[in-house]
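1. sequence? don't have it. structure:
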């Protein structure tokens, strides 16, 4: 579960911007209570066309892609859809931070990128077992410091344009693998032109037909675009005769 995330110097976001699922009201049916956090079950974005909405989702997608794929030496940040704010200072680092819950543990993760070289400049992972976070590692370029033995043993694997979190998950460090699995299997962005398969929506209907339909209906009603209902049908068709005729 994502709590909030921040981005700076990415696409249309020049200054630091934050998007949060933290609720500013209490409503048992519409919020989830976890530890000290009360989180919205759903958020709706609205704004003018070609303003910022799509870029916000691209920010989440980029964070996800970096965590999952940047261990691969052939995957640079730009290969994973990174673009800094092109009208600003080209020497200013791009910054990303995301807080989330995995297996009842709260984490805060951040990293920054030099837009000129695509090198990872800073990276940090905190774990909250109490009100005060415990830093699992802190990285400045390829200098990584950690009190965790597994990190110290693997820091020689670091590369300029790969996240330590992704690299360590690929060689079996439990916490980093657990986080990578969370972003790979739990964080879904339905965006066909960015590599997501439209089949995902069909699979959701097949697995959770009534619940998913109800979810989509509520979203459409809230969006107020005059669509009140949707219907999903599957049909079996014998195409063998058509193939023979062709």
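-> Cool, got the structure. No experiment lies behind these values; they were computed from the predicted model shown.

2. average model confidence for the helix or strand harbouring residue 220?
-> Using DSSP states H and E, residue 220 falls within helix 209-223. For helix 209-223, the mean pLDDT works out to 78.

3. Who are the packing partners of it?
-> In terms of contacts (3 or more CB pairs under 8 Å, 6 or more residues apart in numbering; DSSP states H and E), helix 209-223 is packed against helix 199-207. Backbone N, C-alpha and C define where each C-beta goes, glycine included.

4. buried ones in the helix it packs on?
-> Residues of helix 199-207 classed as buried by neighbour count (16 or more other CB atoms under 10 Å): 201, 204, 205.

5. what comes into contact with the longest helix seen in the chain?
-> As assigned by DSSP state H, the longest helix anywhere in the chain is helix 53-69. For helix 53-69, contacts defined as CB atoms under 8 Å, 6 or more residues apart in numbering pick out 2, 5, 7, 10-13, 17, 19, 45-47, 75, 77, 80-82, 96, 98, 111, 163, 165-166, 169, 179-180, 183-184, 187, 189, 191, 194.

6. same deal with stretch 108-125?
-> 6, 9, 66, 76-78, 82, 84, 90-100, 107, 126, 128, 133, 135-141, 144, 160-165, 179.

7. Can you say which of the contacts of helix 53-69 are buried?
-> 2, 5, 7, 10-13, 17, 19, 75, 77, 80, 82, 96, 98, 111, 163, 165-166, 169, 179-180, 183, 187.

8. Can you tell me which of the residues you listed end up in strands?
-> Under the assignment DSSP state E, those contribute 2, 5, 7, 17, 19, 96, 98, 111 to strands.

9. how near is the nearest residue in space to the last one that is not next to it in sequence to residue 144?
-> This points to residue 111. Nearest residue to residue 111, sequence neighbours excluded (CB to CB, 6 or more residues apart in numbering): residue 123, at 4.3 Å. For residue 123, the distance to residue 144 equals 8 Å [CB to CB, to the nearest Å].
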